[in-house]
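> Let me see the structure of the following:
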Amino acid sequence: MLIPCIDLQGGQAVQLVHGRKRELAVKDVFGLLEKFSSYQWLHLIDLDAAMGKRPNAKLARELCSAARSAHHMKVRVGGGIRTVAGAATVAGWAPEQIIIGSAAFRDGKLNVPFLTQLAKKLTPPRIVIALDTAKGRIVTQGWRRTLNFRAEDVMAQLQPFCAAFLCTDVDREGTMTGVNLNWFCELRKATDHPIIAAGGVKTRREVAALKKIGMDAAVGMAMYKNILR
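Take a look at the predicted model:
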């Protein structure tokens, strides 16, 4: 399944290369939502919140509401959710699931106390854990901090706290250079949980290849540039 993404930065929908260089920005975010409305799922990520900047909470909440009520889309919301209270607030917007990234780790280790509290508050079926990877290692804090382990090393330990994993290949994010299918095949061996793959996807053939190994594909740049074929 193909899942479109709306990444928010400064009140606009943006697409970044490697999470750093802005490639494009769309001011009419609700028009973009309309464009994606035929899809079953939407990923809504507040990049500013993820990077510790002023969040786009009001816009994100309104987009979540519109996606669900007007377009009958299922929504996953993420970006900068680092406390149980913050997660509960976002859960109050009624998305199907919330995405937890950096907060799943603390001091270079799994943040088990936080994840335990979060799972009690929201229940694991409403939680997706993001495992973003650059040069083979998990990266957090808006992809600015590198941890000393790989996604496949921690999946088994994280499974009790979530319903799925969102795995982004940061090395290919925004580049449209093609999906790293070998890496995703390795991840597939590490967990029975659903995996949403992201990073470099540019063709429907790649989406089909990911589906064949049991993964959905979250796609950004190729959809924004209307080149997904």
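> Report the contact partners of residue 84.
Applying Cβ atoms under 8 Å, 6 or more residues apart in numbering to residue 84 gives the contacts 114, 117-118, 121. (C-beta placed from N, C-alpha, C; glycine too.)
> In space, what's closest to residue 40 - neighbours in sequence excluded?
In this structure, residue 40 finds its nearest non-sequential neighbour in residue 74, 6.1 Å apart by Cβ to Cβ, 6 or more residues apart in numbering.
> What of residue 203?
Ranked by Cβ to Cβ, 6+ apart and with sequence neighbours excluded, the top spatial neighbour of residue 203 is residue 229, at 5.9 Å.
> Touching, the one you found and residue 206? I think so.
No. Judged on Cβ atoms under 8 Å, residue 229 makes no contact with residue 206 at a distance of 10.5 Å.
> Counting neighbours, go ahead and name the busier of the two.
Legend: neighbour count by other Cβ atoms under 10 Å for residue 229 and residue 206, higher for residue 206 (20 against 8).
> Residue 74: neighbour count?
14.
> Ok, the one 4 residues further on next?
The burial count assigned to residue 78 is 25, neighbours taken as other Cβ under 10 Å.
> For it, report the pLDDT, please.
For residue 78, the model assigns a pLDDT of 96.
> Could you say which helix or strand holds the nearest residue to it once chain neighbours are set aside?
Spatially, and ignoring its direct neighbours in sequence, residue 78 is nearest to residue 99 (2.7 Å; Cβ to Cβ, 6+ apart). Using DSSP states H and E, the element containing residue 99 is strand 97-100.
> now the residue nearest to residue 78: how far from residue 23?
Using Cβ to Cβ, to the nearest Å, residue 99 is found at 22 Å from residue 23.
> the more surrounded of these two?
residue 99 (25 against 15).
> helix/strand/coil for the spatially most central residue of the chain?
By Cα atoms, centre = their mean, the mean C-alpha position of the chain lies nearest to residue 166, the distance being 5.4 Å. The local conformation at residue 166, judged by DSSP: H, G, I helix; E, B strand; the rest coil, is strand.
> Can you identify each of the helices in this structure by residue range?
With helices called from DSSP state H, the chain shows them at 29-35, 47-50, 57-69, 84-91, 112-122, 151-158, 181-190, 204-212, 221-224.
> wait, which of these is closest to residue 144?
helix 47-50 (9.8 Å; Cβ to Cβ).
> ok now stretch 21-30, how far from the chain's centre?
17 Å (Cα atoms, centre = their mean, to the nearest Å).
> hmm, who's touching it?
6, 8-17, 32, 59, 63, 66, 174, 221, 224-225.
> about what we covered before: any idea which of the helices of the chain gets closest to residue 1?
helix 204-212 (6.9 Å).
> out of the helices of the chain, deepest packed?
Highest mean neighbour count of the helices of the chain: helix 47-50, a mean of 24 (counted as mean count of other Cβ atoms under 10 Å).
> residues in contact with that helix?
Outside helix 47-50, the residues touching it (Cβ under 8 Å, 6+ apart) are 7-10, 14, 16, 54-57, 78-81, 101-102, 141-142.
> do that again at 10 Å, thanks
With contacts defined as Cβ atoms under 10 Å, 6 or more residues apart in numbering, helix 47-50 is touched by 7-11, 13-14, 16, 19, 22, 53-57, 60, 78-82, 86, 90, 99, 101-102, 130, 132, 140-144.
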